[in-house]
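In: Dropping a prediction and its sequence here:
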Amino acid sequence: MLGQGGTISILDMEESTFSVVVRSHLDHVNDLCFNSASGGKLVSVSLDQKIYIWNSENMEVQTEFTTQNDTATKLATSHVDPTVAVGFKSGFIRIFDLSVEATGKLVAETMIFDSPVSDLQYSPENKYLAVFYKCCRIVIFSIEKGYQPVKNIDYEFPNENYFSLAFSPDDKLLANISSNANNVTIWETKNFSLKYHLDLTGDIVSKIQFAPNGKDVVALTTSSKLKFYRISSTFASELQFNKDIYGVTDLECIDFAISPNCKYIAVCGREGVVKIFDYFMRGAAVPSCQAFQGHFRHPRRLYWSTDMRFLFTVGDCNGIFRWSFFGDRNMPLDMSKHYEELEPAHPLLKVEPGEPTFNHDALLKQTNAQIDD
């Protein structure tokens, strides 16, 4: 039996039993998150004003909530305990406990701005919750202080379509898309002072993410390009450009997600295909990948399970897909060393050993010789 509530049920006339075998959202799924500390529960929110808590093993709904007169827009999961933060169109932030005893109990709520929540992220060590509002303000909440705000970040010339936040794996940096969506700012979390600034004029950035190796910052642009930057102790005041990867999807790339072991990148685009790339994007001309198709329309979000057994995708309609992943799930022995060495920049002028670098005439002669050659 197909019910109006998006359910498929079985009515056994002989045994006089009625059981629901499939539940579904009735409208677009806005977001999905995976919480490993709760035993692998999924949480999904939708335009149908429903919040579902799922068992990720059998995909059965364990708990559901109705958010009357408000719509949940974004989700963030804690990395150390079974709590999930839900952002709403009204600007409310509500915190749910997913533990067995609580079964989705509301434990806290707060509201700072009367503006939709466009993104929110927990820091890896569970010190902070960062919230990006559509009014182009970022608020940092201290979890230790009971979700009290400790920092506001504002910026001018906003782009109302693209919002993204990301904490570094070591909890020391927070990155966000800023002015015109062609700038990225990165803050130190110890005092939230500005650490790095990336000016990507010519590109529109739709998402940013720190790689699990703690060395790379990856930015996705609306032109289906992935841009890699390196955090280096040698260049403490700026990020080093690593590489551009063009055309990761045939049409506009909507989302990407780096695997927890930093060996793969999953991407999805408007052509409706999910692609899995090698993280280092190795290949002669175009990086090799595997492509999979299942959604009726294009996927909108990608999520890895912590153990990498599954990749979850959210479709443009009401579909949630769980893909079994059969690639290499082993973690590197030292994640901090799992990165690609940058090729050193070749200097225009070569200074011979023992030659004083301040000898202007010698450098000028060498430059002219290179031009003549």
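Out: Looks like it came in fine. Because the structure is predicted, anything quoted here is derived from the model rather than measured. Numbers count the residues shown, from 1 in each chain.

In: Now do the contacts for D154.
Out: D154 sits next to 136-138 when contact means C-beta atoms under 8 Å, 6 or more residues apart in numbering. No exception for glycine: its C-beta is placed from N, CA and C like everyone else's.

In: wait, F321
Out: F321 is in contact with 294-295, 299, 312-315, counting by C-beta under 8 Å, 6+ apart.

In: Next step: the residues you listed restricted to strands.
Out: Using DSSP state E, the subset of the contacts of F321 located in strands is 299, 312-315.

In: which of the residues you listed sit farthest apart?
Out: The most widely separated members of the ones in strands among the contacts of F321, counting by C-beta to C-beta, are F312 and G315 (10.9 Å).

In: one step back: of the contacts of F321, which is the nearest to D255?
Out: Nearest to D255 among these, with distances taken as C-beta to C-beta, is P299, at 7.3 Å.

In: burial of the closest one, as a residue count?
Out: Other residues near P299 come to 26 when the count uses other C-beta atoms under 10 Å.

In: Next one: it relative to C33, how far apart?
Out: Per C-beta to C-beta, to the nearest Å, P299 is found 15 Å from C33.

In: Just to be sure, A37 is in a helix?
Out: Yes - judged by DSSP: H, G, I helix; E, B strand; the rest coil, A37 forms part of a helix.

In: Got a quick PyMOL command for the buried subset of the contacts of F321?
Out: Buried residues among the contacts of F321 (16 or more other C-beta atoms under 10 Å), as a PyMOL selection:
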select buried, resi 295+299+312+313+314+315
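
In: Which residue is the nearest non-sequential neighbour of R329?
Out: M308 (4.3 Å; C-beta to C-beta, 6 or more residues apart in numbering).

In: Reduced to three states, what does the one you found come out as?
Out: M308 ends up coil, using three-state DSSP.

In: And it, its phi and psi?
Out: Per-residue torsions, M308: phi 70, psi 20 (degrees, to the nearest 10).

In: what sits against it?
Out: Neighbour list for M308: 259-261, 325, 327, 329 [criterion: C-beta under 8 Å, 6+ apart].

In: List the contacts of the nearest residue to G272 once chain neighbours are set aside.
Out: In this structure, G272 finds its nearest non-sequential neighbour in H298, 4.5 Å apart by C-beta to C-beta, 6+ apart. Residues in contact with H298 (C-beta under 8 Å, 6+ apart) are 254, 268-272, 315-316.

In: S223 now?
Out: Listed by C-beta under 8 Å, 6+ apart, the contact set of S223 reads 203-204, 246, 252.

In: For those residues, give me CSV that also has secondary structure and distance to W54.
Out: Listed next are those as CSV, based on DSSP: H, G, I helix; E, B strand; the rest coil; distance: C-beta to C-beta, whole Å:
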residue, secondary structure, distance to W54
D203, coil, 36
I204, coil, 33
Y246, coil, 36
E252, coil, 29
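
In: Write the ChimeraX selection for whichever of those are buried.
Out: Those of the contacts of S223 that count as buried under 16+ other C-beta under 10 Å are selected in ChimeraX with:
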select :203,204
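
In: Against T110, how distant is G91?
Out: To T110, G91 is 10 Å away according to C-beta to C-beta.

In: I appreciate the help and will end here.
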